[in-house]
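**Q** Requesting a structural model of the entry that follows:
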Amino acid sequence: MTLLLLILPLFSSLVNGFGGSRVGASGASGIAVFHSMATATVALFLSYTVLVEEEVLWVDLGTCFDVAGYTVEWGLLFDPLTAVMIVVVTSISALVHVYATSYMTTDPHLPRFLAFLSLFTFFMLLLVTASNYFQLFVGWEGVGLASYLLISFWHQRVQASKAALQALVVNKVGDFFLAVGLMLVLTTVYTTDFATVFALLPVLTAVELHCGGWSCALVEGIGFTFLLAAMAKSAQIGLHTWLLSAMEGPTPVSALLHAATMVTAGVFLLLRSSPLLEHAPVTLWYIAGVGALTAFFAGTCGLVQHDIKKIIALSTCSQLGYMFYACGLSQYSLSLFHLTNHAFFKALLFLGAGAVIHALQGEQDLRRMGGLAQVMPMTYAAMSIASLALMGFPFLSGFYSKDRILETAWAYGAPIGYFNFWLTTAAAVCTAAYSWRLLYWVFLSDTNAYKAVMRHAHEADERMLWTFRLLLLGSIFSGYLLKDAFAGLGSDFLKESLAVTPSGISVLIESEFVPFYVKTLPLVGSCLGGLGALVFYHSAAYPTLVRVQMRHPVVHWFHVFLVKKWFFDLLYNRYIATGTMALGHYLYTTIDRALINGFLVILLPRFLNRARRLDSPMGRDNRFKICVLRVRLPFEA
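**A** Below is the predicted model:
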């Protein structure tokens, strides 16, 4: 059954990829949906074995290579962390497969699209079930490759191809640092197996890593490389640019990549490496800072965006910042808890946005929508509940994990802890504001769409609506049902997977006794932010602000600063992309074209050919005669 978890999506991908033209669109849809449902069923059985019967499963698949004492093995590990991840990944993947068969039904290349979805699921399952860092790296690279194929699915569109290439390049930064960390682990303990590496952590702590004039404990260096790798894969600030560009892919791709799979791979790397990170306190401090700053950055940028998918993508970036922040506070179970809850309501938001785009014939600009509450009541209800869960509304899934992370941020104490608390609280207020802004412009405001578009607007079909209903169950009840298992003080639910330290337990206990205003501040701020957004956009304040923004230079610059997403794209294009292209042009003209093509390819073969001719018997005679002529001619003259 453990191998069946990986075989089913791989088989579906191969059949639809190589035989899609034979089975047709309906046959490919049936194959993909059946295998995705079967994979989710197998995942449920395995998770029951691990979580309820408390059996950790390990499958030895043989040795990959064993050279000079360096050993890398293939194996599958099913512990509580893996059990939670496979349920989340396979359930979201199955619902996205069902949704895609309806959303992409008119696309002539539907079998290829479903093959890419199944391939992505296979690599993601390979990543989360890995028993060593090398196998995790293989799944990590496979996820990046599959995401490139999915984002560039409509490759005839220039923007889609550019977005896929950007995602691939930025993720290669994370791949490089993960490979460096993998090499540091392998050359120190001669293996990448998780159990062995974590057992030898005292060795990694005692070894010093020197780089120029800078030195630190080896475990800090490994932890820092893992942090940089996770930042690229999970779109943290500085390496987040690919996430918004990835919206050029089909909406089911956005739901699968940004809900529970690819973007959470970086968080999973930190969770899996939690025993190692607990020996790297400096790295934990950086993780917390990166997470808090990312949540605030994405929250502020989401206030002024107009593309419906990009707003939801920025909310994904913000929530990933909360997960990073929880890891930096050594609250790994809270991070996994928020990851699980986030998967349901974020997938629901993306699929609902896809239904809206489909109903409006491809329109994604909020300013050209409106008045859809009566036309699409089920979609409106689903996206409203998902947005409330995202904001942390009481008794919905996000409330139990997001607010608990904010409470532990205050309980952490120290000036940096209080600063991060206010930063993440401000991010929560921004989240509520842009969520209600989205709902108002899409469903509640007077329509700005063309008459012909609104005439053909319609509710999603029954197949899509069933995915909404199932995701609604998770968005409403997952937090309440799982809070004691993940965040309970006496819970040992994840003791076999995640590091549990006395300091982490003490912070979790103190979070129960923080002041009342600290507990209610995020909720009050979210309510005020949401109501403020409704009043602001419904009243005359919005046109007034637009006029002020156009006339006042400071307000205009601040608005442009947020619209341009803190100018990260501008900085990368001006100082990195342009410089890299100039360097590449110089290397091409001087080394490739002049040295390699000019000398090694053209001149050197000619010289060697001339030397070969001169060394032949006829060449030697001719050379002698020529020399004689050259010697005797002056005397004859």
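
**Q** Assumed Leu77 was part of a strand.
**A** Yes: under DSSP: H, G, I helix; E, B strand; the rest coil, Leu77 sits within a strand.

**Q** Now for the residue nearest to it when sequence neighbours are not counted: which residues touch it?
**A** Closest residue to Leu77 apart from its sequence neighbours, by C-beta to C-beta, 6 or more residues apart in numbering: Ser131 at 3.8 Å. Every residue, glycine included, has its C-beta placed from N, CA and C. With contact taken as C-beta atoms under 8 Å, 6 or more residues apart in numbering, Ser131 is in contact with Trp58, Glu73, Gly75, Leu76, Leu77, Asp193, Phe194.

**Q** Where does pLDDT dip in the stretch 301-450 of the chain?
**A** Along the stretch 301-450 of the chain, no part satisfies pLDDT under 70.

**Q** those helices in it, which residues are they?
**A** Per DSSP state H, counting those that start in this stretch, the stretch 301-450 of the chain has helices spanning 308-328, 332-359, 377-391, 397-411, 414-439. These are given in chain order.

**Q** Now the element after whichever strand or helix holds Leu125, going C-ward?
**A** Using DSSP states H and E, Leu125 sits in helix 110-128. Remark: after helix 110-128, the chain's next helix or strand is helix 133-151, criterion DSSP H and E.

**Q** what about the strands in this structure?
**A** 57-67, 70-78, 208-211, 214-217 (DSSP state E).

**Q** ok, back up a step: Throw together a ChimeraX command that grabs the buried residues out of the contacts of Ser131.
**A** A single ChimeraX command selects the buried members of those (16 or more other C-beta atoms under 10 Å):
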select :73,75,76,77,193,194
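
**Q** what's near enough to touch the residue nearest the centre of the chain?
**A** Nearest to the geometric centre of the chain sits Val263, at 1.8 Å (C-alpha atoms, centre = their mean). When contacts are counted by C-beta under 8 Å, 6+ apart, Val263 touches Lys233, Ser234, Ala235, Leu243, Leu257, Thr316, Leu320.

**Q** neighbours around the first one, how many?
**A** Applying the criterion other C-beta atoms under 10 Å, we find 28 residues in the vicinity of Lys233.

**Q** Go ahead and confirm it touches Ala265.
**A** Yes: using C-beta atoms under 8 Å, Lys233 makes contact with Ala265 at a distance of 4.8 Å.

**Q** quick revisit: redo the helices of the stretch 301-450 of the chain as CSV? Include mean neighbour count and distance to Thr589.
**A** Below are the helices of the stretch 301-450 of the chain laid out as CSV (neighbours: other C-beta atoms under 10 Å; distance: least, C-beta to C-beta, whole Å):
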stretch, mean neighbour count, distance to Thr589
helix 308-328, 27, 39
helix 332-359, 27, 45
helix 377-391, 23, 51
helix 397-411, 26, 53
helix 414-439, 21, 47
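
**Q** For Ser26, find the nearest of those helices.
**A** Closest of those to Ser26 is helix 332-359, at 19.5 Å (criterion: C-beta to C-beta).

**Q** got the angle between that closest one and helix 308-328?
**A** Using axes from the mean of the first three to the mean of the last three C-alpha atoms, to 10 degrees, the direction of helix 332-359 lies 180 degrees away from that of helix 308-328.

**Q** And helix 332-359, what does it pack against?
**A** helix 80-103, helix 251-259, helix 265-272, helix 308-328, helix 377-391, helix 397-411, helix 462-487 (3 or more C-beta pairs under 8 Å, 6 or more residues apart in numbering; DSSP states H and E).

**Q** what's the angle from the first one to strand 57-67?
**A** Pointing back at helix 80-103 there. 100 degrees.

**Q** Can I get helix 80-103 in PDB, CA atoms only?
**A** Output in PDB follows, covering the C-alpha atoms of helix 80-103 (Å, rounded to 0.1, in the frame of the first residue of the first chain):
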ATOM      1  CA  PRO A  80       2.800  11.600  11.900                       C
ATOM      2  CA  LEU A  81       4.200  14.500   9.900                       C
ATOM      3  CA  THR A  82       4.100  12.500   6.600                       C
ATOM      4  CA  ALA A  83       0.600  11.200   7.500                       C
ATOM      5  CA  VAL A  84      -0.800  14.700   7.800                       C
ATOM      6  CA  MET A  85       0.900  15.900   4.600                       C
ATOM      7  CA  ILE A  86      -0.200  13.000   2.400                       C
ATOM      8  CA  VAL A  87      -3.900  13.500   3.500                       C
ATOM      9  CA  VAL A  88      -3.700  17.200   2.700                       C
ATOM     10  CA  VAL A  89      -1.900  16.800  -0.600                       C
ATOM     11  CA  THR A  90      -4.000  13.900  -1.900                       C
ATOM     12  CA  SER A  91      -7.400  15.300  -0.800                       C
ATOM     13  CA  ILE A  92      -6.700  18.700  -2.400                       C
ATOM     14  CA  SER A  93      -5.200  17.100  -5.500                       C
ATOM     15  CA  ALA A  94      -8.300  14.900  -6.000                       C
ATOM     16  CA  LEU A  95     -10.700  17.800  -5.700                       C
ATOM     17  CA  VAL A  96      -8.600  19.900  -8.100                       C
ATOM     18  CA  HIS A  97      -8.600  16.900 -10.600                       C
ATOM     19  CA  VAL A  98     -12.400  16.800 -10.400                       C
ATOM     20  CA  TYR A  99     -12.700  20.600 -10.800                       C
ATOM     21  CA  ALA A 100     -10.300  20.600 -13.700                       C
ATOM     22  CA  THR A 101     -12.300  18.100 -15.700                       C
ATOM     23  CA  SER A 102     -15.100  20.600 -15.800                       C
ATOM     24  CA  TYR A 103     -13.100  23.900 -15.900                       C
END
